[in-house]
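Student: With the input below, show me the fold.
(4 chains)
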2 protein chains.
Amino acid sequence: MANQNSTFEKDIENTVHQVMEGTGKSKTVKVKIKDIAARAGVSTGTVDRVIHNRGRVSDKTRAQVLQAMKELQYKPDILARTLARKDESLIRALIPYPYQDSYWKIVRNGIEKGLAEFSPYRVYGQINFYDMNDSLHFEKMGDEILHDPPDVVLLGSEFHRQSIDLLKACHQHRIPCIVLNAEINSVPTLSFIGINSYAVGELAGRIIRQTRGCSSVLVVHTTTNIENTVHLKNKELGIRSALNQASPDFQVHQLSIGNEFRKKEAIQFIAHEVFKHGINTLYFSTSRAYQYAPMLKKRFPHLFIIGHDVFDQHVKLMKNGTIEILIDQSGYQMGYQGIRSWAHYYIHDRPIPPTQYLPLEIIYPENLPFFALNHP
Amino acid sequence: MANQNSTFEKDIENTVHQVMEGTGKSKTVKVKIKDIAARAGVSTGTVDRVIHNRGRVSDKTRAQVLQAMKELQYKPDILARTLARKDESLIRALIPYPYQDSYWKIVRNGIEKGLAEFSPYRVYGQINFYDMNDSLHFEKMGDEILHDPPDVVLLGSEFHRQSIDLLKACHQHRIPCIVLNAEINSVPTLSFIGINSYAVGELAGRIIRQTRGCSSVLVVHTTTNIENTVHLKNKELGIRSALNQASPDFQVHQLSIGNEFRKKEAIQFIAHEVFKHGINTLYFSTSRAYQYAPMLKKRFPHLFIIGHDVFDQHVKLMKNGTIEILIDQSGYQMGYQGIRSWAHYYIHDRPIPPTQYLPLEIIYPENLPFFALNHP
DNA sequence: TAATCTTGCGTGTGCGCACACACCCATTAA
DNA sequence: TTAATGGGTGTGTGCGCACACGCAAGATTA
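Tutor: Just a heads-up that it's a prediction; the model follows:
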């Protein structure tokens, strides 16, 4: 019956112990402010002052109240607290236009979901969009936020340099910022939420290594200025590290497709590279595989294509065999978690971790249907 | 700037529309019961009667109230509602002893997390455990639950036949049941939450196909009675379907290791099969790869080992290269979602979907660290 | 016709907390 | 001495809702 591996013996004991404890119902008696007041020999108003650090309380009284709270293990009733409180918290999010990139559409859904979930808790939000092909527009929207500052900014970062500028400005104005998508370490921020882009590259590399034997890989970035899109560059570094170091059998090439090209031109560029280097594996570092994969696969049926993120177009292309593997970057989770982090801070005083890496999900046709169910 | 694929034109318009709408804050004016009462020309007590279908209200008055609610788009304040309500909801979970299987330890964590999250909402729970190697003990614990029935039962199913019996009894006693882990269709239940076991098999098959070229696979079940553990049998069927149909290059063998064997004996059995059939790929259908993988890998270094679920032991074995791939079955999510489903039904009257398939996560060393962060 | 019961509805209280206000007492300044 | 300060504390109200109670009619029975 019991696990025979003696290494886990201690583990077993612990668990059994918890089992016995856990047999009781997980419900506990409510300790109210009144109880604390009585115990400390003061009024509820004084307890309130201690809890919220407002008004003046003598050191002696404060100590008594604190002691009573500790002894009775006081846990505030969040529902009652929220019902009674009069202030509120405003979040302003700044992300690219959802229609410019399906990825950001998903992120936005996550944000909306979070806002809906926490609005009963007096956490409200407003989502602003910027043109991800126009850094000036980003700067303009940033200024707008600075002129009507919220309690926290949720920044969906794409332009590296400009994002840093905005974060600096926020820092000066004492507006806390949560950064989504692309990690920025040169400016102090409240939190970063997103994937580890270098690790994504490594993961893609691992998959290619395991599934393709030797191969020649083309990394396609769909961005005008790859040097100002650091998270994409990192993915490339990751994939290079995973493949080059593994064996000389693997070759990695790179191509950036700026916005100045039309779709047809872009495909021509890619096709040219494929032909020139004998590419047999295509990795799109952004979520835009769906724009190029169909035509390329038709022209080069042997291509093994890896894309990012699960949404309608990619689901279709995976089902019909155009795309072999998708690596989802948890965009929905990213948006949701951004709101949630702040909300929990506001509601429960829960500290926000400075870095919140999200999972990297590998999607094949077989686990696709179960995955997609997760972000409606 | 805009997506040039005309197929998505409509999509774009919609999104832009939402963008403009979304510019406003996501906060709305609160409609209270008082407002409805005033509008319908009745008292708040009557509105209450209509909302909760209690007491008596004349058809005419009821219609007026309903109309007012509709016109004002009344949304109850969940916080105030929960604060004021006097009843509560009790969940009883019945799952295997956590120390018998790390998987169930994770599931239990998810349950505990759910209970902690929803206890402010007057949803309470009690977790009971059964011996997963002793179906009589399961029956005994089932009886205990029937003698002190909760509002809902959360059943972590392992013994197929005995689970059906318990569900039938619950059905007769009008106790709703949420089934975790192994899908059971022959008895009406409130909901099933878990993975699609056949799909897991197919997924494992796909991965083997793509990563191994031709190979000889051994499916190892760690259960005494494989015929009474239908979800494991289904995994095997899935993997057979994926591999046999694909090409004659793949061979699938099977081995069940009952509890009557000691660990050393069991490893002897597996080793014998490996030797006999020239096995080069090992797939463990349960979460017990960690018990056998280390010794087997030492003896047969060429073995490609696939296991299930992420927890301490497996993390270690993946990091040191003993296990190549893990497929996580979202056990934490399963437990959490079980509590959450019922809680949301109790709190928001949200209907519970009859089938809730969970995602299948493919874990390599590269995405392992980001995954593990998700269930503390 | 009075005594009950039924139907339909209004009123009041409290859930646990935040927050505004009023108050008292000891200093200090005028 | 009085007035003005300010530190320290208690009281009251309301957040939005559920639920118990109570009250007035009409319907039914004795």
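Student: Can the host helix or strand of A:Lys298 be said to contact chain B?
Tutor: Using DSSP states H and E, the secondary-structure element containing A:Lys298 is helix A:289-299. Yes - with Cβ under 8 Å from any Cβ of the partner chain as the measure, helix A:289-299 is seen reaching chain B through A:Gln291. C-beta: built from backbone N, CA, C; applies to glycine.
Student: Now do that helix, average pLDDT.
Tutor: Along helix A:289-299, the predicted local confidence has a mean pLDDT of 96.
Student: Just name whatever secondary elements it is in contact with.
Tutor: helix A:263-277, strand A:281-284, strand A:304-308, helix A:312-319 (3 or more Cβ pairs under 8 Å, 6 or more residues apart in numbering or on different chains; DSSP states H and E).
Student: how far off strand A:304-308 does that helix point, in degrees?
Tutor: The directions of helix A:289-299 and strand A:304-308 differ by 170 degrees, with axes from the mean of the first three to the mean of the last three Cα atoms, to 10 degrees as the criterion.
Student: Need the contact partners of helix A:289-299.
Tutor: Helix A:289-299 is contacted by residues A:102, A:220, A:222, A:263, A:266-267, A:270-271, A:274, A:282, A:284, A:303, A:305-308, A:313-314, A:317, A:322-323, B:3, B:5 when judged by Cβ atoms under 8 Å, 6 or more residues apart in numbering or on different chains.
Student: What residues does chain A have near DNA strand C?
Tutor: For chain A, the residues in contact with DNA strand C under the definition Cβ under 7 Å from any atom of the strand are A:30, A:32-34, A:44-45, A:48, A:51-52, A:54-55, A:74, A:76-77, A:80-81, A:83-87.
Student: how about the helices and strands packed on helix A:289-299 in CSV, adding mean pLDDT, mean neighbour count and distance to chain B?
Tutor: What follows is the helices and strands packed on helix A:289-299, written out as CSV (pLDDT from 0 to 100; neighbours: other Cβ atoms under 10 Å in any protein chain shown; distance: least, Cβ to the nearest Cβ, whole Å):
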stretch, mean pLDDT, mean neighbour count, distance to chain B
helix A:263-277, 93, 15, 6
strand A:281-284, 96, 26, 13
strand A:304-308, 97, 25, 10
helix A:312-319, 96, 18, 8
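Student: out of those, nearest to A:Lys60?
Tutor: strand A:304-308 (60.6 Å; Cβ to Cβ).
Student: Find out how far the closest one is from the centre of the chain, if you would.
Tutor: Averaging C-alpha coordinates over strand A:304-308 and over its chain gives two centres that are 21 Å apart (Cα atoms, centre = their mean, to the nearest Å).
Student: still on that earlier bit, mind checking which of the residues of chain A next to DNA strand C are buried?
Tutor: With burial judged by 16 or more other Cβ atoms under 10 Å in any protein chain shown, the buried subset of those is A:Lys32, A:Ile33, A:Asp48, A:Ile51, A:Tyr74, A:Pro76, A:Asp77, A:Ala80, A:Leu83.
Student: ok, and which of the contacts of helix A:289-299 reach DNA strand D?
Tutor: Restricting the contacts of helix A:289-299 to contacts with DNA strand D (Cβ under 7 Å from any atom of the strand) yields no residues.
Student: All the helices of the stretch 151-300 of chain A, in order from the start?
Tutor: Secondary structure of the stretch 151-300 of chain A (DSSP state H, counting those that start in this stretch): helices located at A:160-172, A:197-212, A:230-244, A:263-277, A:289-299.
Student: The second one to helix A:230-244, inter-axis angle?
Tutor: For helix A:197-212 against helix A:230-244, the angle between stretch directions is 40 degrees (the same axes, to 10 degrees).
Student: which strands and helices sit next to helix A:197-212?
Tutor: helix A:230-244, strand A:281-284, strand A:304-308, strand A:325-328, helix B:197-212.
Student: Touching it from outside, list them.
Tutor: Applying Cβ under 8 Å, 6+ apart, the external contacts of helix A:197-212 come out as A:182-183, A:215, A:217, A:231-232, A:234-243, A:246-247, A:250, A:280-281, A:283, A:304, A:306, A:325, A:327, A:329, A:360, A:362, B:210-211, B:364-367, B:369-370.
Student: I'd like to know which of those are buried.
Tutor: Neighbour counting by 16+ other Cβ under 10 Å classes A:182-183, A:215, A:217, A:231-232, A:234-236, A:238-240, A:242-243, A:250, A:280-281, A:283, A:304, A:306, A:325, A:327, A:329, A:360, A:362, B:210-211, B:364-367, B:370 among these as buried.
Student: and stretch A:127-144 with chain B, contact?
Tutor: Yes - for stretch A:127-144, a contact with chain B is found by Cβ under 8 Å from any Cβ, at A:Ile127, A:Asn128, A:Phe129, A:Asp131, A:Asn133, A:Asp134.
Student: partners of the third one in the sheet?
Tutor: Right, A:Phe129. As for beta bridges, A:Phe129 partners with A:Ile95 under DSSP bridges.
Student: now stretch A:170-186, how far from the centre of its chain.
Tutor: Distance of stretch A:170-186 from the chain centroid (Cα atoms, centre = their mean) equals 14 Å.
Student: Mind listing residues that contact that stretch?
Tutor: Contacting residues not belonging to stretch A:170-186 are listed as A:95, A:107, A:146, A:149-158, A:160, A:163-164, A:167, A:187-194, A:196-197, A:229-231, A:334-335, A:338, A:341-342, A:352, A:355 [Cβ under 8 Å, 6+ apart].
Student: What's the end-to-end length of that stretch?
Tutor: Between the start and the finish of stretch A:170-186 there is a gap of 14 Å, counting by Cα to Cα, to the nearest Å.
Student: Can you point out the buried residues in that stretch?
Tutor: Under the neighbour-count criterion of 16+ other Cβ under 10 Å, stretch A:170-186 has A:Cys170, A:Ile175, A:Pro176, A:Cys177, A:Ile178, A:Val179, A:Leu180, A:Asn181, A:Ala182, A:Glu183, A:Ile184 buried.
Student: Now go through the residues you listed and say which are in strands.
Tutor: Counting by DSSP state E, the part of those found in strands is A:Cys177, A:Ile178, A:Val179, A:Leu180.
Student: Turn the residues you listed into TSV, columns for pLDDT and distance to B:Gly258.
Tutor: Below are these laid out as TSV (pLDDT from 0 to 100; distance: Cβ to Cβ, whole Å):
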residue	pLDDT	distance to B:Gly258
A:Cys177	98	57
A:Ile178	98	52
A:Val179	98	53
A:Leu180	98	50
